[in-house]
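> Have a look at this prediction, sequence included:
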Amino acid sequence: MQLSKNEEKVYSSLKNSKMQVFRSRDIRLLRGINKTKTYNLIKALKRKKVITALSSGIYVMKDTDEFTAGVHFNWPSYVSFLSALNYYGFSDNLPRKITFVSTRYKKSLLFEYACLSKNRFFGYKKEGEIIVAEKEKAIVDSLLLPKYAGGIKEISKGLTEKFNELDSKKLLDYAFRVGSKMVLRRLGFILEKRLAKKDEISLLNKIGKGVGFLDPSIKKRNNLNKKWLLYTDLG
């Protein structure tokens, strides 16, 4: 559908400004127009599918990559969990929504955000316009919150099959740095046969007391692994 002269000017201004995500007030400032004109332009651009609404009052250009849009919609954030595992080829499954790690929650129709504390917000990199967890951090994030990664079965499959593609030292460093006994237990249990003795001991020394669940979505108190203090029933 062809754009009018004013619509084309707005479109060009947004492209030239390199705004990935924008609000109505950004258009007002870019074009120096009032609220009524801005509202009508946005309505027309949405109808012509030039822009898409991410939430009330927040929009994205139609050709913006979803990974990029999601990062800018809730800044700062990075792609992780099943989305990152799929991105790296650690899983063939695609999540219903692209999932990001952020330090704050934000509701979106297109994206899902898992909130981590600032001290756990690390281990990401920029690839082109995409900000994504490093492979090792995607694994650690997934072990911390398996529900965002398709469950422990999915994580374990990718982790064991693609272990040689990981920096094992970085994986262990990130597992310790995130500060979760459950991450250490789950990682140790899954990788027991691949861990060097010193690595296994260092993990075991930090798993604490009490027992937990290998997959927190399956809270059956069966098959207790006394070494890693995990109920290992996977359904």
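Structure's in. What do you need?
> Do a quick rundown of the helices in the protein.
With helices called from DSSP state H, the chain shows them at 5-17, 24-31, 35-47, 66-73, 81-87, 135-144, 152-161, 168-177, 181-191, 197-204.
> Endpoint to endpoint, stretch 68-77 covers what distance?
10 Å (C-alpha to C-alpha, to the nearest Å).
> buried sites along it?
Of the residues in stretch 68-77, 68-74, 77 count as buried by neighbour count, 16 or more other C-beta atoms under 10 Å. No exception for glycine: its C-beta is placed from N, CA and C like everyone else's.
> pretty sure Ala138 is touching Leu85, no?
Yes. Counting by C-beta atoms under 8 Å, Ala138 touches Leu85, with 5.8 Å between them.
> More neighbours: these two, which one.
Neighbour count, other C-beta atoms under 10 Å: between Ala138 and Leu85, Ala138 has more, with 32 against 29.
> How about that one, nearest residue that isn't a chain neighbour?
Ala84 (3.8 Å; C-beta to C-beta, 6 or more residues apart in numbering).
> Can you get me a residue count around that neighbour?
Other residues close to Ala84 by other C-beta under 10 Å number 28.
> for Ala175, same thing?
Residues near Ala175, counting by other C-beta under 10 Å, number 25.
> what residues are up against it?
Counting by C-beta atoms under 8 Å, 6 or more residues apart in numbering, Ala175 makes contact with 140, 143, 183-184, 187, 203.
> quick revisit: could you check how far the residue nearest to Ala138 is from Ile155?
11 Å (C-beta to C-beta, to the nearest Å).
> quick one, domains of this structure?
5-64, 68-231 (automatic domain parsing).
> where among those domains is the average confidence lowest?
Per-stretch mean pLDDT for the domains of the chain is lowest at domain 5-64 (a mean of 85).
> residues making contact with stretch 147-155?
Contacts of stretch 147-155 (C-beta under 8 Å, 6+ apart): 80-82, 85, 91, 93, 95, 99, 112, 114, 139, 141-143, 146, 186, 190, 214-217, 234.
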